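Colleague: Quick one: sequence and predicted model below, then my questions.
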Amino acid sequence: MERRQLGQTDLMVSKLCLGSMTFGEQNTETDAHAQLDYALGRGINFIDTAEMYPVMASRDTQGSTERFIGSWLKKTGRRSEVVLATKIAGPNKMMPWIRGASHNLDATNIRSAVEDSLRRLHTDYIDLYQVHWPSRNLPIFGASSFNPQAERPAVPIEDTLGALGEMVQAGMIRHIGVSNESAWGVCEYIKHAEARGLPRIATVQNLYNLTARAFETSLMDEACFREGVSLLAYSPLAFGQLTAKYLDDPQAVGRLTVFPAGWSPRYVRPAVLAACAEYAALARAHGLLPSQMALAWVYSRWFVGATIIGATSLAQLEENIDAAELVLSAEVRRGIDEIHARYTNVGQ
């Protein structure tokens with residue numbers, strides 16, 4: 001499988017990254033190990049996780065995803081074969097089980113989170129350590145616009161960056177990245193890194209799929225190009241909507257039916273459903289599976305360093321990986337852009 005350089009680092013990763021947010025909720029430890037074995041067998045060397053996983057988050061399961069990956073690493077001894085990425089949770093009072101309700105991105109929390117992840121993962125270093133979401137007010141997870149009235153006390157970016165730099169100096173993490181960030185945030189991290197001689201962010205892990213293309217319409221693509229930051233595209237199938245499985249069977253098993261109704265409203269907006277129906281029709285008119293068209297499109301974008309794929313079965317994982325070999329025709333690409341013009345970033 002094709003390998004790509006992450007940012008300005010020495011990390012060379014497969015263009016597909018195995019996401020793991022189902023491990024510990026929808027997937028057992030045995031399932032997780034089988035997926036890891038299969039992914040590496042298919043040429044994937046990049047694994048992404050987070051301290052808050054699995055989804056949906058709960059006190060009883062938090063950390064299980066890292067523990068399952070850690071038990072696989074301990075059992076197989078394949079740590080040197082993978083690029084391992086994890087994330088520290090930003091502030092969220094709804095998850096008090098993560099270092100208390102006031103957890104944030106300060107030095108004390110960062111050290112504690114890194115140490116906990118290292119222990120769960122059975123490793124002494126993390127290749128890419130990411131800030132899962134910012135400390136400051138920012139529209140994410142379905143919010144569509146910036147609201148100055150929602151301002152709140154926040155840990156300054158330079159303080160977070162300084163604490164991450166200490167972890168790099170200690171050898172606990174090799175490189176750093178951010179997630180659910182804006183162009184301003186990316187540039188702020190770069191500015192403070194250059195001013196203080198601190199590590200530069202290598203990656204930004206943001207939402208990107210056929211229904212959510214804000215990365216290319218908010219100048220994030222230019223900022224990342226000019227600053228040498230790679231996009232790690234998450235949710236390329238819009239929580240399964242772009243597979244058309246819910247279109248074909250509204251009760252199909254998946255996150256949108258297994259978890260409580262309304263827990264992730266951006267994926268069930270009427271405009272998202274309408275857009276996904278049109279994308280599915282386009283794919284089928286050209287003899288393609290909707291999921292493979294959606295993935296092949298993301299895989300082919302010039303600014304994507306790696307696409308994070310997740311699955312609850314080996315069959316789904318196989319289908320997702322197979323899409324890496326698919327080259328979309330010019331006619332299909334034109335069709336995609338025509339649909340996007342009618343349903344612009346409805347799933348953002």
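Modeller: Structure's in. What do you need?

Colleague: buried sites along stretch 213-233?
Modeller: 213-215, 218, 220-221, 223-224, 227, 229-233 (16 or more other CB atoms under 10 Å). All C-beta atoms are positioned from the backbone trio N, CA, C, and that covers glycine.

Colleague: can you list the residues you listed in CSV and add distance to Asp248?
Modeller: CSV is the format used below for the buried residues of stretch 213-233 (distance: CB to CB, whole Å):
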residue, distance to Asp248
Arg213, 25
Ala214, 28
Phe215, 29
Ser218, 33
Met220, 33
Asp221, 33
Ala223, 39
Cys224, 36
Glu227, 42
Val229, 38
Ser230, 35
Leu231, 30
Leu232, 29
Ala233, 25
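
Colleague: Could I get these in a markdown table, plus columns for secondary structure and pLDDT?
Modeller: Below are the buried residues of stretch 213-233 laid out as a markdown table (DSSP: H, G, I helix; E, B strand; the rest coil; pLDDT from 0 to 100):
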| residue | secondary structure | pLDDT |
| --- | --- | --- |
| Arg213 | coil | 97 |
| Ala214 | helix | 95 |
| Phe215 | helix | 96 |
| Ser218 | coil | 86 |
| Met220 | helix | 93 |
| Asp221 | helix | 95 |
| Ala223 | helix | 96 |
| Cys224 | helix | 97 |
| Glu227 | helix | 96 |
| Val229 | coil | 98 |
| Ser230 | strand | 98 |
| Leu231 | strand | 98 |
| Leu232 | strand | 98 |
| Ala233 | strand | 98 |
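
Colleague: hang on, isn't Gly240 packed against Val253?
Modeller: No. Under the criterion of CB atoms under 8 Å, Gly240 is not in contact with Val253, lying 9.6 Å apart.

Colleague: So for the two, which residue has more residues nearby?
Modeller: Per other CB atoms under 10 Å, whichever of Gly240 and Val253 has more neighbours is Gly240, with 22 against 13.

Colleague: and the spatially closest residue to that one that is not a sequence neighbour, what does it touch?
Modeller: Setting aside the residues directly before and after it, Gly240 is nearest to Gly254 in space (CB to CB, 6 or more residues apart in numbering), at 4.5 Å. If you count contacts by CB atoms under 8 Å, 6 or more residues apart in numbering, Gly254 has them with 239-240, 245-246, 312.
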